[in-house]
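Novice: Structure here, sequence nowhere to be found:
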């Protein structure tokens with residue numbers, strides 16, 4: 001089953017990259033969707049800056065270890081999503097890197113996942129969803145969301161460089177097309193969740209699709 005799923009995922013590689021590229025203007029236009037001057041977003045902003053303050057005070061080896069663990073766990077998470085059995089997850093003793101192994105050939109989504117998907121942020125969103133079944137959303141949770149948006153931005157920016165071995169596996173052309181839009185998608189989803197929970201995420205995705213379609217029609221009208 002994993003082989004079939006891998007082939008299906010591979011079929012969508014370049015169409016998804018193209019969509020992420022052409023949707024970038026929509027993500028910029030969608031900023032008006034968020035009420036940044038509301039209390040929940042001010043709290044999110046404080047959490048965001050708190051992360052970078054904590055980062056500056058953290059031990060470098062601890063910070064590196066956490067980034068490596070998050071990186072390999074994100075590979076593993078997407079391997080499991082595409083029905084691959086995980087063999088191992090390892091972190092080098094000197095924090096120089098890590099590795100994970102799984103059964104089967106794999107696919108581009110497993111390879112590129114750590115460079116756009118906020119794994120820790122996703123599980124925080126799930127935890128908040130569970131909490132808000134029993135208690136209302138509060139500003140502390142908005143601050144926690146901001147903290148993990150900061151973590152995502154810092155982790156991705158530190159991992160994308162010319163010595164990274166994962167990126168050539170999917171091709172630099174694909175990374176250039178896919179990663180900017182994919183990271184805007186991830187951050188936008190977290191911001192939308194901060195606004196209205198999962199309902200906000202679904203509404204936000206519809207907005208992005210609508211704006212992208214309008215932009216596409218606008219360009220076609222200009223050309224033809």
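Specialist: Nice, thanks for sending it over. Predicted, not measured: the structure shown is a model, and the values here were computed from it.
Novice: Now do the phi/psi pair for the residue lying closest to residue 5 once chain neighbours are set aside.
Specialist: In this structure, residue 5 finds its nearest non-sequential neighbour in residue 82, 5.0 Å apart by C-beta to C-beta, 6 or more residues apart in numbering. Every residue, glycine included, has its C-beta placed from N, CA and C. In terms of degrees, to the nearest 10, the main-chain angles of residue 82 are phi -100, psi 20.
Novice: burial of residue 82, as a residue count?
Specialist: Neighbour count for residue 82, taken as other C-beta atoms under 10 Å: 18.
Novice: Correct me if wrong: it contacts residue 113.
Specialist: No. Counting by C-beta atoms under 8 Å, residue 113 is not a contact partner of residue 82; they are 10.1 Å apart.
Novice: what ranges do the helices span in this protein?
Specialist: Counting by DSSP state H, the segments of the chain that form helices are 2-11, 13-22, 24-29, 39-57, 60-81, 108-112, 119-131, 139-159, 166-170, 172-223.
Novice: And those helices: which comes nearest residue 100?
Specialist: Residue 100 sits nearest to helix 60-81 of all those, at 4.6 Å, using C-beta to C-beta.
Novice: Include mean pLDDT when you put the helices of the chain into JSON lines, please.
Specialist: Conversion of the helices of the chain to JSON lines gives the following (pLDDT from 0 to 100):
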{"stretch": "helix 2-11", "mean pLDDT": "88"}
{"stretch": "helix 13-22", "mean pLDDT": "96"}
{"stretch": "helix 24-29", "mean pLDDT": "95"}
{"stretch": "helix 39-57", "mean pLDDT": "92"}
{"stretch": "helix 60-81", "mean pLDDT": "84"}
{"stretch": "helix 108-112", "mean pLDDT": "95"}
{"stretch": "helix 119-131", "mean pLDDT": "96"}
{"stretch": "helix 139-159", "mean pLDDT": "94"}
{"stretch": "helix 166-170", "mean pLDDT": "92"}
{"stretch": "helix 172-223", "mean pLDDT": "94"}
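Novice: so which of these is the most packed in?
Specialist: helix 108-112 (a mean of 22; mean count of other C-beta atoms under 10 Å).
Novice: So which other helices or strands are in contact with that one?
Specialist: Judged by 3 or more C-beta pairs under 8 Å, 6 or more residues apart in numbering; DSSP states H and E, the packing partners of helix 108-112 are helix 2-11, helix 60-81, helix 166-170, helix 172-223.
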